[in-house]
Every structure is written in structure tokens, then in C-alpha cells.
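Student: Provide a 3D model corresponding to the input given below.
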Amino acid sequence: MFQKLLVAALVLTCARSTLAEISIANHQHESTVRYPVILLRGTVDPASKELTVRVAGTESDSTVVRHGERFKSLVELKSGRNVIELKTDDEQHSIEISYLPQTNPHYVRVIWMTDSDGDTTFAAPSDDVPQDYAARLRTAAQLMQTFTAERMHDLGFRRRTFRLERDTDGRIIVHTLKAPKKAEYYYGLQDGPWWGETYRWLNQEYDDPFAKNIVLAAFTRKDPETGKMKAHTALGGGNLGLFGSASVFSWPRTIPDAVSVFHDATRVDPTRVHDDSVGRSTNWGLASTTIGATLHEMGHTFGLPHCRDRFGIMTRGFDHFNRVFTFIEPPSGRNREEHVFAQEEEAYFAPISASYLQWSRWFQLDEQEPVSNERPRIVIDEEKKQVTVAADSGVAWVGLWVGPDVYSHREFKDELPQKVELSFDEIGKLIDGKTLSHVTTIGANGLSSRAKVRQ
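Tutor: Below is the predicted model of the structure:
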């Protein structure tokens, strides 16, 4: 329902436009964003033969994808004021958007982890695939940042997103770090122990309390004899999202490449590489699922549990990461014909997730002095049959879990209460009579707590 209302709002925005031919639905003239790659969405007269989008003063056009009257365009901004020029056969329109870098000290750090021998190469279907891992990681990280900002905005939470670590020239830093042991050692570990060892090593050698870490292992390989994957995982929590690199070869190398990658119907050869595309068996499906899964696991590092929304990033909605940037899906192992999906079928952070993220310390656009550094407190009183949540900074959000998923939540706005009491009866209605497994909460200071319910 929420997504249907969102779509209706976008359509209404377009309908009210006074522009004869070009209408921008999701960005306002003379607005400011805090991340450098924006996604323009809007409408254009479908009869026009061409639509070009370019930042004035640059030498190349931004990539534009169209379907009927709708268009999308990923636009790279420079720091400061940007005049974006949109042109068709008969009309020219411009919109001014400024990019102001975030000042939040909390950030996301991107790491390419080799084994102790230092080999940086990743698995690929042929030797012709460029081994430019840093470019692919930078591009994927920016797409995740843009996706998050745009979808948070669509849900009414402003364009909040995480900050990526950048150098003085504004370029995303990709750290290339050697793990302590050789690949063969890690091949012998199960996912959990491997994540644990990487977590301990990273926090001993490269500790930074302000960093959440995206770590991809360069040495992920497919065993040619057994067909099993070695050093392949996707696990997130604490300050570490750990991933195998089996699908990095399918990721776009630049922002302008992103749309062509999400339209690339080249079949994946499962005898040479890992097909992690939920049966789509194409480059576009592989890129969409694995970039989306990376964002999903990073969601766990930000404190998000799984949810129940079909298209939520914190479910298998991450398979549809591509849809935010396109209008159609090429033929694949799951659709023989081109598939035109509806706007409400695009991946997003479900409201239950987004309403939590808005309070995360990693989602504050500027440095802030917290009112309190105390974590919220959760008391589950069996005698009184009630749950009490208290936070000196104010209770912002309370999540109610059923099993491994957050099932329902209470969100507080404006003047946040310092204490919230929920009776077992109230909770039972919120979770449809199911069995409560955990209670989580986040305070206005961005600190969270979780309590397990005794069964």
C-alpha cells in the first residue's frame, strides 16, 4: 500500500508540471544533496527522438534510460553548484543541484582483502575481463549510496545515506589489505569462523570505531573438481560485512556503465564461475543480486534485522536492486521475454527498516553532539506482563521480532518519549498473536539495544 501511494505521488508530481516536454519528478531546482551521484527520474514526451542529460561544463553526457514517457539518469556531480542540462529535439531545461560533502565522522570503509601472498586477482569467466577491482568496488559502493539516499527520500526520511571514505580529491578509497594467512587456510573455514577471524584481525590491526567495513575477499574461487565455492560468503554484523568476490567480474566499472550492466543478458557459464543470480543466469542478474546482497549485509552492520517486505533490501528484495536504475529486465533463465516491472516492484528499504536507519549514527549527514552516550534500556517484566523501553536521549523506534525477523514496530516522532511501556496484550496485537522472540530499540542518539524474550 505504501509503495502504491508513493507511485501515485510521483505521477501526480509529474501531472502538475508546467513543462511542455520534460518533467523531473524527484529533485527540486536549487536543492542540495550530500552524495555525489544522483538519480534523476521524470517524464519526457515519448515522441521526442532523443533526451540528453549533461552537467554544464563537463565533456560527456550522463547515461539515460527511457521507457514510454518515463526516464531515469544517473548524474555525477562535482562538489558545489551543478547546472544539469536536459535536452530533447524541441526543448531544453536545466535544474541546479548543489553537492555538499557530508561532515559525519562515521563512514563506510571499502576493503579488498587478499591472502598473505598479496594476489589481488579475482575469479572471472575469461582472461579478457579487466582486473580493475578498485573501479568496480568504487562504482558498486556509489550505487549503494545513491540507492539508499533516493529510497530513504521516497519514504519521507530525507536523502539520508552513509558516507563513503574519500581522499582529498573526492575519490573513494579502496584499501588493499593482506589477510594474515594463505588462501588455503581460509578455504578450510566455515562462514561463521571465517567472519570471526576477519573481524578480530581487522579490529586489531585497523581499528576505527567510526568505520563500518565492506570487505571483499580477492581469493574466492570455484573448485574445478567439486564445483564448490571456496571462501565465498555474505555475512554482516558489528562493523563488518564480509563477502566473497565470485561475482565482482559482473559489476560495473564506472557509473555510466551501470545501466548497460543491468541490461547485459550475457549468459553466465556455471562451469567457469559461480552463478549467484537466483536462476537468472545472466550478467545483469548476477550484478543485481550480489550488489544488492552487499547492501543487505551492510544493513545488518547498521543494526537492521531481516524484515517481511517482499521488495525490502532486508529480504530477498535485494535481488531487484537493478530495478531502481532501469525500467526493464532482459530475458534470463527466469523470464524468456523482456520483463517490464511496475514501480512498486522496485527494491527499497522497507518503512520498518528505513524508520530505524534515520536514527543511525552512520546516517546523520553532519557531525552531531549526542545528548547522551547511554544506550537505551529494555526491561521485559513477566509478572507485570509488559515491556519497558527507556532512553535518556529519547526512544525513537521499538522493533518487535518474531523468530529471526522484525515483525512490527513502533516509531516515535517530534517529541520523543524517554520511556515507552507496552503491555503483552498490545504487543500480541502488533504481532498478530505470534510469539515474540526479541525486542530492539534505538534512541535519538543513534545507540541501540536488543533483548531476548525468555520462551
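Student: could you give me the average pLDDT of stretch 313-323?
Tutor: Mean pLDDT, computed over stretch 313-323, is 98.
Student: one more: stretch 142-151?
Tutor: Per-residue scores along stretch 142-151 average to 98.
Student: equivalent analysis for stretch 76-89, please.
Tutor: 96.
Student: show me what counts as buried in it.
Tutor: E76, L77, N82, I84, E85, L86, K87, T88 (16 or more other Cβ atoms under 10 Å). C-betas here are computed from N, CA, C, even on glycine.
Student: can you pull out the low-pLDDT segments for the stretch 251-400 of the chain?
Tutor: Judged against pLDDT under 70, the stretch 251-400 of the chain has no low-scoring part.
Student: can I get the buried residues of stretch 76-89 in CSV with secondary structure and distance to T326?
Tutor: Output for the buried residues of stretch 76-89, formatted as CSV (DSSP: H, G, I helix; E, B strand; the rest coil; distance: Cβ to Cβ, whole Å):
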residue, secondary structure, distance to T326
E76, strand, 18
L77, coil, 21
N82, strand, 24
I84, strand, 20
E85, strand, 23
L86, strand, 19
K87, strand, 22
T88, coil, 21
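Student: closest one to L447 out of the residues you listed, please.
Tutor: L77 (32.5 Å; Cβ to Cβ).
Student: show the subsequent helix or strand relative to the strand or helix carrying A354.
Tutor: Using DSSP states H and E, A354 falls within helix 351-357. Sequence order places strand 377-381 as the next helix or strand after helix 351-357, per DSSP H and E.
Student: and that following strand, what does it pack onto?
Tutor: Strand 377-381 makes packing contacts with strand 386-390, strand 438-443, strand 448-452 when contacts are defined by 3 or more Cβ pairs under 8 Å, 6 or more residues apart in numbering; DSSP states H and E.
Student: contacting residues around the first one?
Tutor: By that I understand strand 386-390. For strand 386-390, contacts defined as Cβ atoms under 8 Å, 6 or more residues apart in numbering pick out 376-381, 395, 398, 418-424, 427, 439, 441.
Student: in ChimeraX, select just the buried ones from those residues.
Tutor: Per 16+ other Cβ under 10 Å, the buried members of the contacts of strand 386-390 correspond to this ChimeraX selection:
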select :376,377,378,380,395,398,420,422,427,439,441
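Student: for the chain, what spans make up the helices?
Tutor: 2-16, 133-154, 183-187, 191-205, 258-261, 283-301, 351-357, 424-430 (DSSP state H).
Student: the fifth one: which residues count as buried?
Tutor: For helix 258-261, burial by neighbour count (16+ other Cβ under 10 Å) applies to A258, V259, V261.
Student: now the residues you listed as a markdown table including distance to F302?
Tutor: Output for the buried residues of helix 258-261, formatted as a markdown table (distance: Cβ to Cβ, whole Å):
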| residue | distance to F302 |
| --- | --- |
| A258 | 23 |
| V259 | 27 |
| V261 | 26 |
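Student: between those, which is closest to G299?
Tutor: Among these, and counting by Cβ to Cβ, the member closest to G299 is A258, at 20.5 Å.
Student: picking that back up, name the helices or strands packed onto the helix holding A354?
Tutor: helix 133-154, strand 395-402, strand 405-411.
Student: in CSV: those, plus distance to F71.
Tutor: Converted to CSV, the helices and strands packed on helix 351-357 look like this (distance: least, Cβ to Cβ, whole Å):
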stretch, distance to F71
helix 133-154, 15
strand 395-402, 36
strand 405-411, 34
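Student: select, out of the helices of the chain, the one closest to V215.
Tutor: Closest among those, using Cβ to Cβ: helix 191-205, at 6.4 Å.
Student: put the alpha carbons of that closest one into PDB.
Tutor: Output of helix 191-205 as PDB, limited to C-alpha atoms (Å, rounded to 0.1, in the frame of the first residue of the first chain):
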ATOM      1  CA  ASP A 191      31.500 -19.000   7.100                       C
ATOM      2  CA  GLY A 192      31.000 -18.100  10.700                       C
ATOM      3  CA  PRO A 193      34.600 -18.800  11.900                       C
ATOM      4  CA  TRP A 194      35.900 -17.100   8.800                       C
ATOM      5  CA  TRP A 195      33.900 -14.000   9.600                       C
ATOM      6  CA  GLY A 196      35.000 -14.100  13.200                       C
ATOM      7  CA  GLU A 197      38.700 -14.300  12.300                       C
ATOM      8  CA  THR A 198      38.400 -11.500   9.900                       C
ATOM      9  CA  TYR A 199      36.500  -9.400  12.400                       C
ATOM     10  CA  ARG A 200      39.200  -9.900  15.100                       C
ATOM     11  CA  TRP A 201      42.100  -9.300  12.600                       C
ATOM     12  CA  LEU A 202      40.500  -6.100  11.200                       C
ATOM     13  CA  ASN A 203      39.700  -4.700  14.600                       C
ATOM     14  CA  GLN A 204      43.200  -5.400  16.000                       C
ATOM     15  CA  GLU A 205      45.200  -4.200  13.000                       C
END
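Student: tell me which residues of it come out buried.
Tutor: The neighbour-count check on helix 191-205 (16+ other Cβ under 10 Å) flags W194, W195, E197, T198, Y199, L202, N203 as buried.
Student: now the first one, nearest residue through space, not along the chain?
Tutor: Spatially, and ignoring its direct neighbours in sequence, W194 is nearest to Y186 (5.9 Å; Cβ to Cβ, 6 or more residues apart in numbering).
Student: so what's the residue count around V248?
Tutor: As a burial measure, V248 scores 26 neighbours (other Cβ atoms under 10 Å).
Student: my read: it touches F122, true?
Tutor: Yes. Counting by Cβ atoms under 8 Å, F122 is a contact partner of V248 at 5.0 Å.
Student: mutual contacts of those two, please.
Tutor: Y133.
Student: hey, what's K212 bridged with?
Tutor: Here K212 sits in beta bridges with V108, as judged by DSSP bridges.
Student: quick one, what contacts it?
Tutor: Neighbours of K212 in contact, by Cβ under 8 Å, 6+ apart: H106, Y107, V108, R109, F162, N239, L240, G241, M298, T301, F302, W362.
Student: of the helices and strands packed on strand 377-381, which stretch is the most buried?
Tutor: Sort the helices and strands packed on strand 377-381 by mean neighbour count, taking mean count of other Cβ atoms under 10 Å, and strand 438-443 sits at the top with a mean of 24.
Student: which elements pack onto it?
Tutor: For strand 438-443, the packing partners by 3+ Cβ pairs under 8 Å, 6+ apart are strand 377-381, strand 386-390, strand 395-402, strand 448-452.
Student: picking that back up, where's the residue nearest to W194 relative to P180, distance?
Tutor: Y186 sits 10 Å away from P180, going by Cβ to Cβ, to the nearest Å.
Student: higher neighbour count, those two?
Tutor: More crowded of Y186 and P180, by other Cβ under 10 Å: Y186, with 21 against 13.
Student: the more buried one and G196, how far apart?
Tutor: 12 Å.
Student: just the closest of the buried residues of stretch 76-89 to P252, please.
Tutor: Closest to P252, out of all of the buried residues of stretch 76-89 and judged by Cβ to Cβ, is E76, at 13.0 Å.
Student: who's the closest one bridged to?
Tutor: Bridge pairing for E76 - DSSP bridges - gives V37.
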